[in-house]
Structures are given as structure tokens and as C-alpha cells.
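just the structure for this:
(one chain, ligands or ions: 3)
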Amino acid sequence: AQVVNGALTRRVTCPDGVNTATDAACCALFAVRDDIQQNLFDGGECGEDVHESLRLTFHDAIGISPLIAASTGQFGGGGADGSIAIFEDIETNFHANLGVDEIIDEQRPFIARHNISVADFIQFAGAIGVSNCPGAPQLDVFVGRLDATQPAPDKTVPEPFDTVDSILARFSDAGGFTPEEVVALLVSHTIAAADHVDPSIPGTPFDSTPEEFDTQFFIETQLRGTLFPGTGGNQGEVESPLRGEMRLQSDSELARDSRTACEWQSFVNNQAKLQSAFKAAFRKMTVLGHDESELVDCSELVPTPPPPSSSAHLPAGLTHNDIEQACAFTPFPTLPTDAGPVTTVAPVPPS
Ligand code: HEM
Ligand SMILES: [Ca+2]
Ligand SMILES: [Mn+2]
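Ligands and ions are numbered 1, 2, ... in the order given. Below you'll find the predicted structure:
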């Protein structure tokens, strides 16, 4: 037994004889964690495999729809149940899942050599991966999900060309997410790049710091769009403010819609809120289709992420005048402009 925060907590010694845990169900995760950190995330980086593992947590979990079930009489999906990998042949053919086959195939051998359900592994890998990103919150981890026996239906994953109405309705249907929680989930796009929106420029990030879990995404999506980083005319893409940076139409609209704009702006230069809001929304997302009280909390396995290494700024070459103010109630925060030549964003290298 050990005293944690003044409370007496009983810990079990794991079969490996080395680790201890608050619940024996967490013991198997130590080896999984060490294996993926070393061999999936290249020794603890916040690179493409982490970004894709985070995207995968979403595409699995959001596969649940009481509305589809009611209107079709068919199974509406089981949420975070591993279906995206178990029924890879079906779900990766859904248009919104373009590209997720890559990380599913990379994760598959790790699942095979450990004692963990597919559903738990997908959410665990996302949480561990994010802990490599400077500025990230320490995400929660739960285990005990049963694996899917049926695929999720198509149309549960939002597309970048969907309207704000349809995006908010989809998240509400999937798990009762509020517009504020939808904005919080989109914090994820601070460590993100697109391979398939404009296939001529794979690895094009959504902000200038795709390896940092910072607030730049919320700053840069509020700047006036002036260019396409590659070709124009791609479905779901609108003009971005920086060479090498991509803006999704959905992110652009959420940043400017009266229902979400003030919440979007509230993350600018607010690292503490960014962390706490994402942590809470992610937790809710990762247990979709389950009753959290029936799962085991293994959050103690998640490493403490490094602190953010840069502070909120306008990219070099841009000023406050380039902000498209969308929140009607609070002015956009005043930020310093980075020194130096106009920012060009480098692609995220493929892993
Ligand atoms: C309105 C909701 C959302 C839309 C329309 C959307 C759309 C997209 C699109 C189109 C991409 C680029 C995929 C590619 O071309 O490679 C992407 C990437 C990504 N998304 Fe989302 N997304 C949404 C919400 C989320 C949520 C809730 C999460 C996680 C909690 C998430 C995590 C990511 C990550 C981490 C990437 C980067 C993947 C990489 O760098 O390889 N997204 N998203
Ligand atoms: Ca970032
Ligand atoms: Mn990618």
C-alpha cells in the first residue's frame, strides 16, 4: 500500500515483478507502452505515427449513431470498439477514412504480440503518443472495452466539406457533445497534417508547429486565407495564410460560426485551457459506446508530456490586421509577431 495525495491506495505487484499498478488489469500495459514508444513512435517522438494514431482514436470512437440506427433499423456502430481495425476491409473504404489503413496496418503487429483488445489498444496508443508532444495534457487511459463484432456504418465520420450544422449534429448524435466540446476535440488539429486532401503535397500541416501541442492552430486558422499550399479546387480545403500550411474548410467555418467562434478564439494563448478542455473531451470520446464506470482507469501509465517550447505568436510577416475577427464579444488577443522572413511551413516527414 502507498500513500497518494493523502489517501491510502493499495497497489498490486505485476506479474513482471517490476511494476506496480492500482489495478491488475493495468499490468499488461507497461510492456505495450514500452514497445510502442520504442518501435511505433521512434523512441518517443511526436511525429506522423503519433498524429495518425490520434486521428485513429477519433475515427474508431465516433463510429456510433443512434440516429442512423433509428432511421435504418440497422446497427449504428459501437463507438470505441476497434471496429475500424477489425473490419478494416469495410470501414477504410468509407470516404472519410481515407488514409487510416496506413496506421491500422502499422499498429496490427503490436496488438498481435500483446494481451490487449483492439479497442483498448487504439485508444491507448493515441494517449501514449500524444504524451510525446510538447505542451500536451496527460490524457486518461481506460481499459476493458469489448471488441466489435460488427462494423460501424458509413457516414459517422465528419468530412472537411460538411457544414457546421451537420458537424455539430453528428457530434451531438454520437455522444451528446456540445459545440464547446467539438471545438475542444479539434485541439487535436494542432498536431496534424493532411496526406489526402491535396495528394500533390502529402504531410501538409494545419498549423506551423505540427510537433507541438500548442495554441498556434487557433491563431493561424483565424488569419485571412490568401493562398493554396498546393493546387486549388480540392474538396474540403480553403485558402490558408502561410505557404506550406493547409486549412480545412470545416476548421475555417468552425472558427467563424457564431456558435463556435468565441470558443475557438478562447484557446488562443491559453495553454491551460487547451490542455484541460482537450483532456476532458478526449476522455468522453474514448469511452463512446461504453459505460466508463465499468472500465478500469490506467491513466497512471501515461507519461508526463514535455512543456511547450514556444509561446503564442503571429507567424513572421503577419500582423493583427491579418486576423479575421469572428467572435462578436471579445477582441482577438494581442500577440507578438515572430521575427524573421515570412513563415513557410515545412511538411511533416513521413515515417
Ligand atoms: C469536424 C471534425 C473533423 C474533421 C472534418 C476532420 C478532418 C480531418 C482531415 C480531412 C484530415 C486530413 C487527413 C489526410 O488527408 O491525411 C484530418 C487529420 C487529422 N485529424 Fe481530423 N477531423 C475532425 C476532427 C478530429 C478529431 C475530433 C480528432 C481527434 C480527437 C482529429 C484528429 C486528427 C489528426 C491527429 C489528424 C492528422 C493525421 C496526420 O497527421 O496524419 N480530427 N482531420
Ligand atoms: Ca501545433
Ligand atoms: Mn499522415
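
what strand or helix carries the nearest residue to Gly76 once chain neighbours are set aside?
In space, and not counting its chain neighbours, Gly76 is closest to Ala69: 3.1 Å by C-beta to C-beta, 6 or more residues apart in numbering. From N, CA and C alone the C-beta is placed, and that goes for glycine too. Counting by DSSP states H and E, the element that carries Ala69 is helix 66-72.

so what does the closest residue to ligand 1 within the stretch 1-150 of the chain look like in phi/psi?
Closest approach of the stretch 1-150 of the chain to ligand 1 (C-beta to the nearest ligand atom) occurs at His51, with a separation of 3.2 Å. The phi and psi values for His51, taken as degrees, to the nearest 10, are phi -60, psi -40.

how far off centre is the helix ranked longest in the chain?
Under DSSP state H, the helix in the chain containing the largest number of residues is helix 271-286. Counting by C-alpha atoms, centre = their mean, to the nearest Å, helix 271-286 is centred 10 Å from the centre of its parent chain.

how about stretch 137-146?
14 Å.

how about that stretch: buried residues?
Pro137, Gln138, Leu139, Asp140, Val141, Phe142, Val143, Gly144, Arg145 (16 or more other C-beta atoms under 10 Å).

shaky segments in the chain?
For the chain, applying pLDDT under 70 flags the ranges 1-8.

all strands of it, in order?
Here the chain has its strands, by DSSP state E, at 2-4, 7-9, 12-13, 20-21, 142-143, 193-194, 204-205, 237-238, 247-248, 296-297.

and among the ones you listed, the most buried is which?
Among the strands of the chain, strand 204-205 has the highest mean neighbour count (mean count of other C-beta atoms under 10 Å), at a mean of 26.

how about Gly78, what does it touch?
Gly78 makes contacts with Gly63, Ile64, Ala148, Gln150, Ala152, Gly289, as judged by C-beta atoms under 8 Å, 6 or more residues apart in numbering.

can we see that at 10 Å?
60-61, 63-64, 119, 145-152, 288-290 (C-beta atoms under 10 Å, 6 or more residues apart in numbering).

closest approach to ligand 2 from the stretch 201-350 of the chain, which residue is it?
Proximity of the stretch 201-350 of the chain to ligand 2 (C-beta to the ion) peaks at Thr209, 3.6 Å away.

now do the same contact list for the nearest residue to Ala328 once chain neighbours are set aside.
Among residues not flanking Ala328 along the chain, Ser258 sits closest, at 7.0 Å (C-beta to C-beta, 6+ apart). Contact partners of Ser258, counting by C-beta under 10 Å, 6+ apart, are Val164, Ala326, Cys327, Ala328.

filter those down to the buried ones.
Buried subset of the contacts of Ser258 (neighbour count, 16+ other C-beta under 10 Å): Val164, Ala326, Cys327.

ok, those vs Asn234, which is closest?
Nearest to Asn234, judged by C-beta to C-beta, of those is Val164 at 19.4 Å.

and the gap between the residue lying closest to Thr156 once chain neighbours are set aside and Gly76?
Setting aside the residues directly before and after it, Thr156 is nearest to Gly63 in space (C-beta to C-beta, 6+ apart), at 4.7 Å. Separation of Gly63 from Gly76 (C-beta to C-beta, to the nearest Å) stands at 9 Å.

give me the common contacts of these two.
In contact with both Gly63 and Gly76: Ala152, Pro153, Thr156, Ala174, Gly289, using C-beta under 10 Å, 6+ apart.

can you say which two of the residues you listed are spatially most distant?
Among the shared contacts of Gly63 and Gly76, Pro153 and Gly289 lie farthest apart (C-beta to C-beta), at 13.3 Å.

mind listing the shared neighbours of these two?
Common neighbours of Pro153 and Gly289 (C-beta under 10 Å, 6+ apart) are Gly63, Ile64, Gly76, Gly77.

most neighbours out of those residues, which is it?
Most neighbours among those, by other C-beta atoms under 10 Å: Gly63, with 31 neighbours.

OK, contacts around that residue?
With C-beta under 10 Å, 6+ apart, Gly63 has these contacts: 76-81, 83-84, 87, 91, 94, 97, 148, 151-157, 174, 288-289.

same deal with Val50?
The contact partners of Val50, taken as C-beta under 10 Å, 6+ apart, are 36, 40-42, 44, 103, 125-126, 128-133, 136, 191, 211, 351.

now the helices for the stretch 151-300 of the chain?
Along the stretch 151-300 of the chain, the stretches classed as helices by DSSP state H, counting those that start in this stretch are 164-175, 179-185, 216-220, 249-256, 261-266, 271-286.

restricting to C-alpha, output the first one in PDB.
Spelled out, it's helix 164-175. Only the C-alpha atoms of helix 164-175 are listed here, as PDB (Å, rounded to 0.1, in the frame of the first residue of the first chain):
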ATOM      1  CA  VAL A 164     -21.200  23.400 -39.300                       C
ATOM      2  CA  ASP A 165     -24.800  22.400 -38.900                       C
ATOM      3  CA  SER A 166     -24.100  18.800 -39.900                       C
ATOM      4  CA  ILE A 167     -20.800  18.600 -37.900                       C
ATOM      5  CA  LEU A 168     -22.500  19.800 -34.700                       C
ATOM      6  CA  ALA A 169     -25.400  17.400 -35.300                       C
ATOM      7  CA  ARG A 170     -23.100  14.500 -35.900                       C
ATOM      8  CA  PHE A 171     -21.200  15.000 -32.600                       C
ATOM      9  CA  SER A 172     -24.400  15.500 -30.700                       C
ATOM     10  CA  ASP A 173     -25.800  12.300 -32.100                       C
ATOM     11  CA  ALA A 174     -22.600  10.300 -31.400                       C
ATOM     12  CA  GLY A 175     -22.200  11.200 -27.800                       C
END
